[in-house]
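**Student:** Kindly generate the corresponding structure for this input.
(2 chains)
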Amino acid sequence: MRWGVIVFPGSCDDQDVFNCLKREMGQKVKRLWHKDALAGQFDCLILPGGFSYGDYLRCGAMARFSPIMHGVVKFAQSGGLVLGICNGFQILCEAGLLPGALVRNVGLQFVCQQVYLRVEETDTAFTRGIGKGQLLRLPIKHGEGCYYADALTLERLRKNRQILLRYVDPKGKPLPSANPNGSLENIAGVCNETRNVFGLMPHPEDACSKLLGSEDGLRIFSSIAAHHGAGEKRHA
Amino acid sequence: MRIKIFISLKKGVLDPQGKAIERSLHTLGYAEVQGVRMGKYLELDMDAASRTAAERRIREMCDKLLANPVIEDYRFEIESDAPSAIGHQSEAKEKD
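**Tutor:** Predicted structure coming up:
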């Protein structure tokens, strides 16, 4: 499976994603510079975390106009798998590939901690390898991760089951006290209607080995790899 | 012309910064203050053949980049302070 990790000026988790895929999972990964046109064959593109363009104006507002984004939008529209992590999630929302927006954390503080997440839907490439209702322990590190969408959009998200991850307590309950940033309905990750674009604030790439305290992040990447493998088999 | 653009959070979007500022004002004794909302303010110079043309371009810029329609509203003012600018504008109006 061929993975592409897009590097924007100010991205800082691209190397972590690269290491996670290459070193921990033995996958074929290429880093892609934002100023280049998207060239080559890829099965999954990842927009990593960081502070693209210094978070100026709004997080992700300028990165969405990077030259490579033309290719990313086309890739997504033709059904390609796109994963946005943290700043990548913000960029995908700004680009209109995902609904809603990420605004300043309710507590105004940058949050850097481990959280529990409940997997809400499993009929996507990103979560198919994880059981519905299962918990993941992943780190978050962001200042603008409060998910917002208007009432109509939120209703559509629920109806289409596009909410894939929620912040929960260790028992799996989406309580207000388990919400680290004020996100609506404890939302930590959503997908698009066609379920091939997924954005999440937590960092699966930073939970990819026992040494880091959790291997739960690998379950998301493995899920994508398994989905791809199943597709290859179908086409064979 | 000189353009002033005001970007504000939509009603219903949480504004924790505004809330914190409001609390600070209360602490300072300004108990009468309520509903503080914090926004962004931009100034820019631009050339345009007419006021209408400028408005169209500014709206485009705001919709594309300067504001995020999911969470923000915007409004703008076109300032024609310099005498030459006023002259330029009335000329342009005749052409319309």
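
**Student:** Just the helices from chain A, written as ranges.
**Tutor:** A:14-19, A:68-77, A:87-94, A:151-159, A:217-235 (DSSP state H).

**Student:** quick one: contacts of the lowest-mean-pLDDT helix or strand in chain A?
**Tutor:** Least confident helix or strand of chain A, by mean pLDDT, DSSP states H and E, is helix A:217-235 with a mean of 91. Helix A:217-235 has contacts (Cβ atoms under 8 Å, 6 or more residues apart in numbering or on different chains) with A:1, A:20-21, A:24-25, A:27, A:43-44, A:81, A:83, A:125-130, A:136, A:138, A:203-208. Just so you know, the C-beta spots here come from the backbone N, C-alpha and C atoms, and that holds for glycine as well.

**Student:** Please apply the same query to stretch B:16-29.
**Tutor:** For stretch B:16-29, using Cβ under 8 Å, 6+ apart, the contacting residues are A:104-108, A:182, B:9, B:33-38.

**Student:** Can you list the buried residues in it?
**Tutor:** B:Pro16, B:Gly18, B:Lys19, B:Glu22 (16 or more other Cβ atoms under 10 Å in any protein chain shown).

**Student:** Just send those residues back as CSV, with distance to A:His70 too.
**Tutor:** Formatted as CSV, these follow (distance: Cβ to Cβ, whole Å):
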residue, distance to A:His70
B:Pro16, 35
B:Gly18, 36
B:Lys19, 39
B:Glu22, 42
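
**Student:** among the residues you listed, which two are most distant?
**Tutor:** Spatially, the most separated pair among the buried residues of stretch B:16-29 is B:Pro16 and B:Glu22, at 10.5 Å (Cβ to Cβ).

**Student:** so the closest residue to chain B within chain A bridges to which residues?
**Tutor:** Closest to chain B within chain A is A:Ala101: 4.3 Å, counting by Cβ to the nearest Cβ. Under DSSP bridges, the beta-bridge partners of A:Ala101 are A:Tyr148.

**Student:** Same check on A:Val5?
**Tutor:** Under the criterion used here (DSSP bridges), A:Val5 is bridged to A:Arg31, A:Ile46.

**Student:** Next, the contact list for it, please.
**Tutor:** A:Asp14, A:Val17, A:Phe18, A:Leu21, A:Val29, A:Lys30, A:Arg31, A:Leu32, A:Leu45, A:Ile46, A:Pro48.

**Student:** how close does it sit to A:Glu121?
**Tutor:** 25 Å (Cβ to Cβ, to the nearest Å).

**Student:** Could you show which parts of chain B are in contact with chain A?
**Tutor:** B:Leu9, B:Gly12, B:Val13, B:Leu14, B:Pro16, B:Gln17, B:Ala20, B:Leu65, B:Leu66, B:Asn68, B:Val70, B:Ile71 (Cβ under 8 Å from any Cβ of the partner chain).

**Student:** ok, the last one touching A:Arg104?
**Tutor:** No. Under the criterion of Cβ atoms under 8 Å, B:Ile71 lies out of contact with A:Arg104, with a separation of 10.3 Å.

**Student:** surely A:Gly130 meets A:Leu136?
**Tutor:** No, residue A:130 isn't Gly; it's Ile. Yes. Counting by Cβ under 8 Å, A:Ile130 touches A:Leu136, with 7.3 Å between them.

**Student:** How many residues are close by A:Glu24?
**Tutor:** Using other Cβ atoms under 10 Å in any protein chain shown, A:Glu24 is surrounded by 16 other residues.

**Student:** err, A:Leu47, not the other one
**Tutor:** A:Leu47 has 37 nearby residues by other Cβ under 10 Å.

**Student:** How about A:Gly54?
**Tutor:** Taking other Cβ under 10 Å as the definition, A:Gly54 ends up with a neighbour count of 10.

**Student:** likewise A:Gly50?
**Tutor:** 23.

**Student:** beta partners for it?
**Tutor:** A:Ser11.

**Student:** Adding secondary structure and pLDDT, write the residues of chain B next to chain A out as a markdown table.
**Tutor:** Formatted as a markdown table, the residues of chain B next to chain A follow (DSSP: H, G, I helix; E, B strand; the rest coil; pLDDT from 0 to 100):
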| residue | secondary structure | pLDDT |
| --- | --- | --- |
| B:Leu9 | strand | 96 |
| B:Gly12 | coil | 89 |
| B:Val13 | coil | 94 |
| B:Leu14 | coil | 90 |
| B:Pro16 | helix | 94 |
| B:Gln17 | helix | 94 |
| B:Ala20 | helix | 96 |
| B:Leu65 | helix | 97 |
| B:Leu66 | helix | 98 |
| B:Asn68 | coil | 97 |
| B:Val70 | coil | 96 |
| B:Ile71 | coil | 97 |
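
**Student:** Now which of those would you call buried?
**Tutor:** Judged by 16+ other Cβ under 10 Å, buried ones among those: B:Leu9, B:Val13, B:Leu14, B:Pro16, B:Leu66, B:Asn68, B:Val70, B:Ile71.

**Student:** check contacts around the residue nearest to A:Glu144 when sequence neighbours are not counted.
**Tutor:** Spatial nearest neighbour of A:Glu144, chain neighbours left out: A:Cys59 (4.9 Å); criterion: Cβ to Cβ, 6 or more residues apart in numbering or on different chains. By Cβ under 8 Å, 6+ apart, A:Cys59 lies in contact with A:Phe51, A:Ser52, A:Asn87, A:Gln90, A:Ile91, A:Glu94, A:Leu102, A:Glu144.
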